[in-house]
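Q: Fold the following for me, if possible:
(2 chains)
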Amino acid sequence: SQQGEEDPQALSIQEGENATMNCSYKTSINNLQWYRQNSGRGLVHLILIRSNEREKHSGRLRVTLDTSKKSSSLLITASRAADTASYFCATAWGIYGNKLVFGAGTILRVKS
Amino acid sequence: DTEVTQTPKHLVMGMTNKKSLKCEQHMGHRAMYWYKQKAKKPPELMFVYSYEKLSINESVPSRFSPECPNSSLLNLHLHALQPEDSALYLCASSQDHRGAGTDTQYFGPGTRLTVL
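A: As a prediction, this is how the structure comes out:
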């Protein structure tokens, strides 16, 4: 299976702290994306990093990609209670790069 | 408008029922997707439509039948489901850049399906 693994499975931090989540995958990819899901509802796209990129920023989010290690990390800085959610990495592959395979996810809880 | 809508929000059906899930987007996207998500698990891809043609079927049982009447609408017809099919069904859409490696998928809120 090309499904990635994520760690940690769960993370509990205080508001204002940074949160780091890691994702590993098994096959070559077109891109890697991170999504957030609140309370079992729809997923919200956070950031996409292409296979030829190494780092990308969006607001308080920083994503890195190491294709040699087949791994990515998501850093959320200065966390807020509203960041409490499940976070999934997803690798895109297939002939058109639109086939997403999601990792197991990290449950983040930010305590105020 | 960056919204994908799904109806109904909740659905309870018996194993002999026939029902349909609906999904709509008005972002001009040409790719649409169905995912299934069991509790505490990641979403799993079921079907992909690209330019209104079925391009990916992830070996989904025939009791799930997708339909794409036009570029804005996606249906999932359900028939003779099993209790283990109970899950959150998510629809998504994307522009479909055909391999440019930049497609972002926008997800709807999902339909929570319970099969009795």
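Q: got the end-to-end distance for stretch A:10-21?
A: 9 Å (Cα to Cα, to the nearest Å).
Q: Run through who's touching it.
A: In this structure, residues lying in contact with stretch A:10-21 by Cβ atoms under 8 Å, 6 or more residues apart in numbering or on different chains are A:6-8, A:73-81, A:83, A:87, A:89, A:106-112. Quick note: C-beta positions are derived from backbone N, CA and C, even for glycine.
Q: List only those of these flagged as buried.
A: Among the contacts of stretch A:10-21, those classed as buried by 16 or more other Cβ atoms under 10 Å in any protein chain shown are A:6, A:73-74, A:76, A:79, A:83, A:87, A:89, A:106-108, A:110.
Q: For chain B, what is the nearest residue in chain A?
A: Chain B sits closest to A:Phe102 of chain A, with a gap of 3.6 Å, by Cβ to the nearest Cβ.
Q: The residue nearest to the spatial centre of chain B bridge partners, please.
A: Central residue of chain B (Cα atoms, centre = their mean): B:Trp34, 2.5 Å from the mean position. Beta bridges link B:Trp34 to B:Phe47, B:Cys91, judged by DSSP bridges.
Q: Give me the pLDDT value at it.
A: In this model, B:Trp34 is scored at 97, pLDDT.
Q: Who are the contact partners of the closest residue to the residue of chain A closest to chain B other than its chain neighbours?
A: Of all residues not flanking A:Phe102 in the chain, B:Pro42 sits nearest, at 3.6 Å (Cβ to Cβ, 6 or more residues apart in numbering or on different chains). Residues counted as contacts of B:Pro42 (Cβ under 8 Å, 6+ apart) are A:3, A:88, A:102-105.
Q: before we move on, what about B:Met15?
A: B:80-83, B:115-116.
Q: and which of the residues you listed is nearest chain A?
A: Among the contacts of B:Met15, and counting by Cβ to the nearest Cβ, the member closest to chain A is B:Val115, at 17.2 Å.
Q: can you list the contacts of B:Met15 in TSV and add secondary structure?
A: Shown next, in TSV, are the contacts of B:Met15 (DSSP: H, G, I helix; E, B strand; the rest coil):
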residue	secondary structure
B:Ala80	coil
B:Leu81	coil
B:Gln82	coil
B:Pro83	helix
B:Val115	strand
B:Leu116	coil
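Q: In ChimeraX, how would I select the buried members of those?
A: A single ChimeraX command selects the buried members of those (16+ other Cβ under 10 Å):
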select /B:81,115
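Q: what does chain A put close to chain B?
A: Within chain A, the residues that sit near chain B (Cβ under 8 Å from any Cβ of the partner chain) are A:3, A:30-31, A:33, A:35, A:40-45, A:48, A:50-51, A:88, A:92, A:94-105.
Q: cutoff 7 Å now
A: Contact residues (Cβ under 7 Å from any Cβ of the partner chain) of chain A with chain B: A:30-31, A:40-43, A:45, A:48, A:50-51, A:88, A:95-100, A:102-105.
Q: Now do the end-to-end distance for stretch B:62-78.
A: End-to-end distance for stretch B:62-78: 9 Å, by Cα to Cα.
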